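Peer 1: Provided below are the primary sequence and the corresponding predicted coordinates.
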Amino acid sequence: GKGTVAATPEQGDVEYLAPINIGGQTMNMDFDSGSSDLWIFSTKLPAASQTGHQNFDSTKSTSFKAITGASFSISYGDGSGAAGMVGTDTVNIGGATVTSQAIELATTVSASFVSDTNSNGLVGLAYSKLNTVKPTQQKTFFDNAMPSLAQPVFTADLRKAAVGSYEFGNIDSTKFNGSLQWTAVNTTQGFWQFSSTKFSVGTGAAMANPGNQAIADTGTTLMLANAAVINGYYSQVQGAVNNATVGGVTFPCAAKLPDLNVDVGGNFNAVVRGDDINFAPVDATGQTCFGGLQAISGNLQIFGDIMFKSNFVVFNGGNNSLAMAPHG
Ligand SMILES: N[C@H]1[C@H](O)[C@@H](Sc2ccccc2)[C@@H]2OC[C@H]1O2
């Protein structure tokens with residue numbers, strides 16, 4: 001089988017939401033290739049947390065089965081988190097269906113999830129080894145769906161301020177230009193991870209970034225890179241400053257932003273378009289803009305939605321590889 005759902009950006013492209021059906025109930029969800037739990041807002045949450053959200057009601061699903069004694073508790077890179085109980089139900093994403101998918105019903109969620117009323121949970125699409133369910137770890141929707149998918153793949157077609165799509169089981173060649181370029185991924189940490197040991201800015205010379213790694217993370221809004229990339233890139237942008245007040249690099253909204261070229265797995269170069277690196281104005285005057293490329297310490301970079309806006313991405317769970325091509 002296969003399935004396709006629209007991926008709709010929240011205001012400002014903060015995250016992309018897509019509908020899934022769980023036991024007959026539709027929930028708009030944040031698809032996250034950087035984690036591996038499918039958890040949902042539920043009627044088991046305090047009423048105040050449920051306000052404004054779609055809340056899964058397990059008593060209304062004839063196919064829901066609780067997993068006795070199972071629980072989950074997850075915390076994310078940005079400090080947010082959720083925890084609760086676990087069951088199984090039929091999950092259908094655009095036609096791709098898993099009849100006994102572990103679904104994690106939140107009984108508590110952090111404030112940033114409550115206030116984000118467009119999102120009613122996450123669909124984890126990283127490797128199942130990162131799933132937090134105890135005492136028996138559960139599999140992701142993609143892992144469970146793979147054997148019945150026409151191809152063991154899912155694709156992300158995320159667009160700047162426009163509706164894109166997530167697709168399971170099929171690679172739609174009308175959605176990208178040229179040929180897909182492939183690299184093996186390193187699954188050791190449970191991410192869609194690859195090396196990225198060189199980069200260049202605009203038409204500039206390649207710069208080394210030894211020992212550097214990156215993950216493809218649809219659940220991260222920006223593109224987070226180490227100091228070598230941040231300094232190499234923003235030294236080419238007139239008026240770019242590290243603005244502690246707003247919490248990152250800003251530049252004049254009128255700045256002409258160069259493309260960022262990053263090596264992927266030593267196998268190909270991915271282009272992040274300069275236009276996609278202009279994330280948003282920092283205030284109503286529209287004079288100063290916040291960069292979509294921001295700093296992270298350490299050597300594990302996070303290629304989030306800013307990178308996905310420039311590249312159609314294929315995740316191949318059959319041979320643990322990943323491919324990119326410019327959007328069509
Ligand atoms: N993989 C990412 C994940 O999807 C989000 S979870 C999230 C938290 C609050 C609001 C929306 C989403 C979090 O930020 C980066 C990393 O962890």
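Peer 2: Great, that's in hand.
Peer 1: hmm, stretch 219-239 touching the ligand?
Peer 2: Yes: using CB under 6 Å from any ligand atom, stretch 219-239 reaches the ligand at G219, T220. Bear in mind the C-beta positions are built from the backbone N, C-alpha and C, glycine included.
Peer 1: What's the local residue count around the residue of the chain found nearest the ligand?
Peer 2: Ranked by CB to the nearest ligand atom, the top residue of the chain for proximity to the ligand is G219, at 2.2 Å. By the measure other CB atoms under 10 Å, the count of residues near G219 is 23.
Peer 1: In a strand, it, correct?
Peer 2: No: counting by DSSP: H, G, I helix; E, B strand; the rest coil, G219 is not part of a strand but coil.
Peer 1: Contacts only, for it.
Peer 2: E15, D30, F31, D32, S33, G34, S35, Y76, L122, G304 (CB atoms under 8 Å, 6 or more residues apart in numbering).
Peer 1: how about a cut-off of 7 Å?
Peer 2: D30, D32, S33, G34, S35, L122 (CB atoms under 7 Å, 6 or more residues apart in numbering).
Peer 1: which of those residues are close to the ligand?
Peer 2: D30, D32, G34, S35, L122.
Peer 1: nearest residue to the third one other than its sequence neighbours?
Peer 2: Computed as CB to CB, 6 or more residues apart in numbering, the closest residue to G34 that is not its neighbour in sequence is D217, at 3.4 Å.
Peer 1: Was I right to think that neighbour contacts I302?
Peer 2: Yes: in this structure, D217 is within contact of I302 by CB atoms under 7 Å, at 5.1 Å.
Peer 1: out of the two, which sits in the more crowded spot?
Peer 2: Counted by other CB under 10 Å, D217 and I302 do not tie: D217 has more neighbours, with 26 against 21.
Peer 1: For that one, give its distance to V262.
Peer 2: D217 sits at a distance of 14 Å from V262 (criterion: CB to CB, to the nearest Å).
Peer 1: residues in contact with T51?
Peer 2: Contacts of T51 by CB under 7 Å, 6+ apart: none found.
Peer 1: ok, now P252?
Peer 2: By CB under 7 Å, 6+ apart, the contact list for P252 reads G239, Q287, T288.
Peer 1: Which pLDDT value goes with it?
Peer 2: Note for P252: predicted pLDDT of 98.
Peer 1: partner residues bridging it?
Peer 2: For P252, the beta-bridge partners under DSSP bridges are T288.
Peer 1: Give me every residue in the chain lying close to the ligand.
Peer 2: Contacts of the chain with the ligand, taken as CB under 6 Å from any ligand atom, map to 15, 30, 32, 34-35, 76-78, 80, 112-113, 116, 122, 217, 219-220.
Peer 1: Top of the residues you listed by number of neighbours, please.
Peer 2: Sorting these by how many neighbours each has (other CB under 10 Å) puts D217 first, at 26 neighbours.
Peer 1: In TSV: the contacts of P252, plus pLDDT and neighbour count.
Peer 2: Formatted as TSV, the contacts of P252 follow (pLDDT from 0 to 100; neighbours: other CB atoms under 10 Å):
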residue	pLDDT	neighbour count
G239	98	12
Q287	97	12
T288	97	17
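Peer 1: Of those, which is the nearest to T88?
Peer 2: Distance to T88, by CB to CB, is smallest for T288 among the contacts of P252, at 49.1 Å.
Peer 1: right, and the closest one touches T250 too?
Peer 2: Yes: contact criterion CB under 7 Å: T288 and T250 qualify, at 5.0 Å.
Peer 1: Residues in contact with both of these two, list them for me.
Peer 2: Counting by CB under 7 Å, 6+ apart, the residues touching both T288 and T250 are V282.
Peer 1: what sits up against stretch 180-196?
Peer 2: Contact partners of stretch 180-196, identified using CB under 7 Å, 6+ apart, comprise 33-34, 36, 126-127, 129-130, 209, 212-216, 262-268, 301, 314-315, 320-325.
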